[in-house]
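1. how would this look folded up:
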Amino acid sequence: MKDLEKILIFNVNWLGDVLFSTATIRNIRSNYPDAFIACIIPPRAQPVLEGNIYLDEIIIFDEKLKHKNPWQKLQFVNYLRKKKFDKVFLLHRSMSRALIAWLAGIPQRIGYYTPKRGFLLTQALTAPKVEAVHRIDYYLNIIKGAGLAVSDRHTDFFVKQEDISVVEDFLVNNSISEDDFIAGLNPGGNWGPKRWPPENFAALADKLADELKAKIIITGSEKDIDLAEDIRQEMRHGAVLACGKLTIKQFAVLASILNIFVSADSGPMHIANAVGSRKIFALFGPTDPKLTGPYPAENVVIIKKDLSCRIPCYKVECPNNLCMKKITPEDVMAEVRRAFKTKNAQIK
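-> Numbers count the residues shown, from 1 in each chain. Below you'll find the model as predicted:
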């Protein structure tokens, strides 16, 4: 009897990008329905793939702690070698990951060519320009280049019943019912220039409460608690803080029942879209929605200002951040009214 083919996916690092990669994972599975498929991710991205029905194993590569020094990396290589993978798809373009796959003795190593690592790949593909295709397609093109069929492009995010129960309890404990109009605001993000000013979130929250009688929930991780509290203090109305109280999985459940979700370009925005948040208002400044915007976008309103700046822009220390500051609370509120075809009436 022939052994099952063993396939490894060496994934990327950021939450949004790992979520984009789920389309590639699903399409690899459709091409290899009987294979054993594992995926390597950093610890912070584990919740994005946890419970993914298209994977047999998630392998954590923690290069900041557990696998930081050369000896620890060598132990990781030996771990992979014992797994005896037949093929690896390198979604990450780094030299170190290609070297790990080569040292692990994986016979077929497929990924984008770079001058430093080209000799480590058995199939070195020409990468499209990063600014030419959506990030979903950037990863899908790797498996296309390897001759695999690609049948769809949507992302996946899976939750469990216990996550649903936690969120139900969270809403009840905060006096929010299914009959309320619930607005989620996500002010955080991993990159400062992409953030909308906190005073704008506060002003928008009050507008939503005034016009729509909305119950406001401010979402985010534990590191966003102070930011969320600053926004709440600046509001005239009350708000519920979910920062640090819900896991990423539980946030996904919450996002799926929100009436609206307002966020800059961030992992939570893409998760909300993946689980079908009813209406997302996505605020874009230095990044380009054509490249990193939510997909599919049927329930998404993109809000951005056309400035003279070159987009995408990667100036971490932007002197004015006008691309985000130019978006006003009234701009967002106008899109909310337009989306729900209302003026000042409560929306159900």
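2. and the strands in the stretch 151-300 of the chain?
-> For the stretch 151-300 of the chain, strands defined by DSSP state E, counting those that start in this stretch occupy the ranges 182-186, 215-218, 240-241, 260-264, 280-284, 300-304.
3. how many other residues sit next to the closest residue to residue 229 other than its chain neighbours?
-> Spatial nearest neighbour of residue 229, chain neighbours left out: residue 241 (6.8 Å); criterion: CB to CB, 6 or more residues apart in numbering. In short, each C-beta sits where N, CA and C put it, glycine included. Residues near residue 241, counting by other CB atoms under 10 Å, number 18.
4. distance of residue 241 relative to residue 135?
-> Look at residue 241 and residue 135: by CB to CB, to the nearest Å, they are 30 Å apart.
5. next: residue 301.
-> Applying CB to CB to residue 301 and residue 135 gives a distance of 20 Å.
6. what do you get for residue 331?
-> 26 Å.
7. when the two are compared, which one has more neighbours?
-> Of the pair residue 331 and residue 135, residue 135 is the one with more neighbours under other CB under 10 Å, namely 21 against 16.
8. thought the more buried one was touching residue 292?
-> Yes: Residue 135 is within contact range of residue 292, at 5.4 Å (criterion: CB atoms under 8 Å).
9. who touches both of the two?
-> Common contact partners of residue 135 and residue 292 (CB atoms under 8 Å, 6 or more residues apart in numbering): residue 16.
10. residue 16 falls within a helix, correct?
-> Yes: counting by DSSP: H, G, I helix; E, B strand; the rest coil, one finds residue 16 located in a helix.
11. neighbours of it, how many?
-> 23.
12. now do the same for it: its pLDDT.
-> Per-residue pLDDT puts residue 16 at 88.
13. show me where this protein has helices.
-> Per DSSP state H, the chain carries helices over the ranges 15-31, 46-49, 70-83, 95-103, 135-145, 161-173, 198-212, 225-234, 248-257, 267-274, 289-292, 322-325, 329-340.
14. wait, the residue nearest to residue 229 touches residue 218, no?
-> Yes: with contact defined as CB under 8 Å, residue 241 reaches residue 218; the gap is 5.3 Å.
15. overlap in contacts of the two?
-> 228, 232.
16. surely residue 137 touches residue 145?
-> No: Residue 137 is beyond contact range of residue 145, at 11.7 Å (criterion: CB under 8 Å).
17. my guess is residue 52 contacts residue 22, does it?
-> Yes: contact criterion CB under 8 Å: residue 52 and residue 22 qualify, at 6.8 Å.
18. overlap in contacts of these two?
-> Listed contacts common to residue 52 and residue 22 are residue 156; contacts here mean CB under 8 Å, 6+ apart.
19. which of those two has more neighbours?
-> residue 22 (24 against 18).
20. check contacts around the more buried one.
-> Listed by CB under 8 Å, 6+ apart, the contact partners of residue 22 are 48-49, 52, 54, 155-157, 274.
21. ok, and the most crowded of the residues you listed?
-> With neighbours defined as other CB under 10 Å, the most crowded of these is residue 48; it has 31 neighbours.
22. list the contacts for the closest residue to that residue other than its chain neighbours?
-> Closest residue to residue 48 apart from its sequence neighbours, by CB to CB, 6+ apart: residue 18 at 4.6 Å. Contacts for residue 18 (CB under 8 Å, 6+ apart) come out as 11-12, 41, 45, 48-49.
23. can I get the residues you listed in CSV with distance to residue 81 and pLDDT?
-> Compiled in CSV, the contacts of residue 18 are given as follows (distance: CB to CB, whole Å; pLDDT from 0 to 100):
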residue, distance to residue 81, pLDDT
11, 19, 97
12, 23, 95
41, 19, 97
45, 23, 93
48, 26, 95
49, 23, 97
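24. pick the one among these closest to residue 59.
-> Ranked by distance to residue 59 (CB to CB), those are led by residue 41 at 7.6 Å.
25. okay, now the unreliable bits of the protein?
-> In the predicted model, the chain carries pLDDT under 70 at residues 1-2, 342-348.
26. could you check how far the residue nearest to residue 198 when sequence neighbours are not counted is from residue 68?
-> Leaving aside its sequence neighbours, residue 198 sits nearest to residue 231 (CB to CB, 6+ apart; 5.0 Å). Look at residue 231 and residue 68: by CB to CB, they are 36 Å apart.
27. mind checking which of those two has more residues around it?
-> Comparing residue 231 with residue 68 by neighbour count (other CB under 10 Å), the higher total belongs to residue 231, at 25 against 11.
28. pretty sure that one contacts residue 239?
-> Yes: the criterion here is CB under 8 Å, and residue 231 meets it with residue 239 at 7.2 Å.
29. who touches both of those two?
-> Common neighbours of residue 231 and residue 239, using CB under 8 Å, 6+ apart, are 185, 205, 218.
30. which one of those residues is nearest to residue 321?
-> residue 185 (18.7 Å).
31. what separation do you get for the closest one and residue 255?
-> Counting by CB to CB, the gap from residue 185 to residue 255 is 12 Å.
32. and for the two, which residues touch both?
-> 219, 261.
33. and the closest residue to residue 142 other than its chain neighbours, how many residues sit next to it?
-> Nearest in space to residue 142, with sequence neighbours left out and distances taken as CB to CB, 6+ apart, is residue 89 at 5.9 Å. By other CB under 10 Å, the residues close to residue 89 number 26.
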